[in-house]
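> With the input below, show me the fold.
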Amino acid sequence: MTENSHGFGGMQRPRIVKIGEREVVAHGLERWRPGDLYHYAMTASWPLFVGTFAAVYMAVNCVFALLYDLGDRPIANARPGFEDLFYFSIETLATVGYGDMHPQTRYGHWVATLEIFTGLSITAAMTGLVFARFSRPRARVMFARNPVIGTVNGSATLMVRMANARHNMITDATAKLWMTRLETSDEGIRFRRFRELALDRSANPMFALSWTIFHIIDETSPIHGLDADDLAEVEASFVVTFSGLDETSAQQLNARALYDHDAINWNHHYVDILGVDDEGVTRIDYRKFHDTRPETHDA
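As a prediction, the model looks like this:
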């Protein structure tokens, strides 16, 4: 057995790993590594994050209450038993110190000193984690449920629509479109390859409402001449990545969307969501954001 198969806790049974919206069954990975604690803390849901902290907080207080109980009446005015020592531990860990109970032996002072140091460390770590979770930039970029392929200016075009749900200004916005597909080498080795699809306009200086990116399917396009069956055969999928500077927070925003080949609506266009009313006011209808319509050809 190699060194990689040991580690903290050893090998674990297969588990489900979520990559975007896709679930992958992973074999041979360790379920837990101490070095990933920050990653777990940043990616956990708020209920799990708060619940885990509460459980750790209670466990630490129980441990120190047991340590106090090992001494000979180390805490003044504490009744015999676990309860008062537990409450004193909470007061000490939080550096509250009501004054009714206090250390009265050398052993009690040493344990209280250790607990105060532990409490300050936990408070510092939790403050940093909570701040990091709140301050982490999150883009509220909406992506259409389905990409579409339709005719634009006489050329077949792959389109993906996105919108800024916050309506603030995102400057220097850029988008990229990738296709991933299975390919076979001359030696018969199958592998998944990423190919970037050129966009008609990949940058947007001021992204505030909606933006549709266009990939013209000409002779240079990796999907030129392919239909739905061809994409299914190579298990093609498409990835849209977005980045831009949020003027409100002055932070870089990133977002992405992943589409399987069967999500494409062929010979369709997006329903228009932007319009101007009789008073000259621009209106955007997000109720139609995901809607598409079959393209029509004038006789």
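> Who are the contact partners of the closest residue in space to T184 that isn't next to it in sequence?
Spatial nearest neighbour of T184, excluding adjacent residues (CB to CB, 6 or more residues apart in numbering): R190 at 5.2 Å. C-beta coordinates here come from the backbone N, C-alpha and C atoms, glycine included. Counting by CB atoms under 8 Å, 6 or more residues apart in numbering, R190 makes contact with 182-184.
> Show me how the record splits the chain into domains.
The chain breaks down by automatic domain parsing into domains covering 33-135, 141-294.
> from what I can see T241 touches L253, true?
No - taking CB atoms under 8 Å as the definition, T241 is not a contact partner of L253, at 11.5 Å.
> okay, the two: which has more neighbours?
Remark: of T241 and L253, L253 carries more neighbours, 20 against 14, as counted by other CB atoms under 10 Å.
> doesn't R283 make contact with G275?
Yes - counting by CB under 8 Å, G275 touches R283, with 5.4 Å between them.
> E23: which of the domains of the chain is closest?
Of all those, domain 141-294 sits nearest to E23, with 12.3 Å by CB to CB.
> where does that closest one sit relative to the chain's centre, distance-wise?
20 Å (CA atoms, centre = their mean, to the nearest Å).
> so which strand or helix has F242?
strand 237-246 (DSSP states H and E).
> Would you list the strands that that strand pairs with, along with their directions?
If you go by DSSP bridges, strand 237-246 pairs up with strand 170-184 (antiparallel), strand 251-260 (antiparallel).
> Which strands and helices lie in contact with whichever helix or strand comes after the last one?
Secondary structure here is assigned by DSSP H and E; on that basis, the next helix or strand after strand 251-260 toward the C-terminus is strand 265-266. Packing contacts for strand 265-266, counted by 3 or more CB pairs under 8 Å, 6 or more residues apart in numbering; DSSP states H and E, involve strand 148-152.
> any low-confidence regions in this structure?
1-13, 15-22, 28-32, 34, 297-299 (pLDDT under 70).
> tell me which element the residue sitting furthest away from the middle of it is part of?
Residue farthest from the centre of the chain, counting by CA atoms, centre = their mean, is D72 at 50.8 Å. Under DSSP H and E, no helix or strand contains D72.
> if I look at it, how far off is F64?
For D72, the distance to F64 (CB to CB, to the nearest Å) stands at 17 Å.
> ok, and what's touching the helix or strand hosting P47?
Assigned by DSSP H and E, P47 falls within helix 46-69. Here helix 46-69 makes contact (CB under 8 Å, 6+ apart) with 41, 44, 74-75, 78, 82, 85-86, 88-90, 92-93, 108, 111, 114-115, 118, 122, 126, 129, 133.
> Sheet-wise, list the partners of the helix or strand just after it with their directions.
Next helix or strand after helix 46-69 toward the C-terminus (DSSP H and E): strand 75-76. Counting by DSSP bridges, the strands paired with strand 75-76 are strand 102-103 (antiparallel).
> How about residues contacting the partner strand?
With contacts defined as CB under 8 Å, 6+ apart, strand 102-103 is touched by 74-77, 109, 111-112.
> want to try CSV for the domains of the chain, with distance to V24 as columns?
Output for those, formatted as CSV (distance: least, CB to CB, whole Å):
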stretch, distance to V24
domain 33-135, 16
domain 141-294, 13
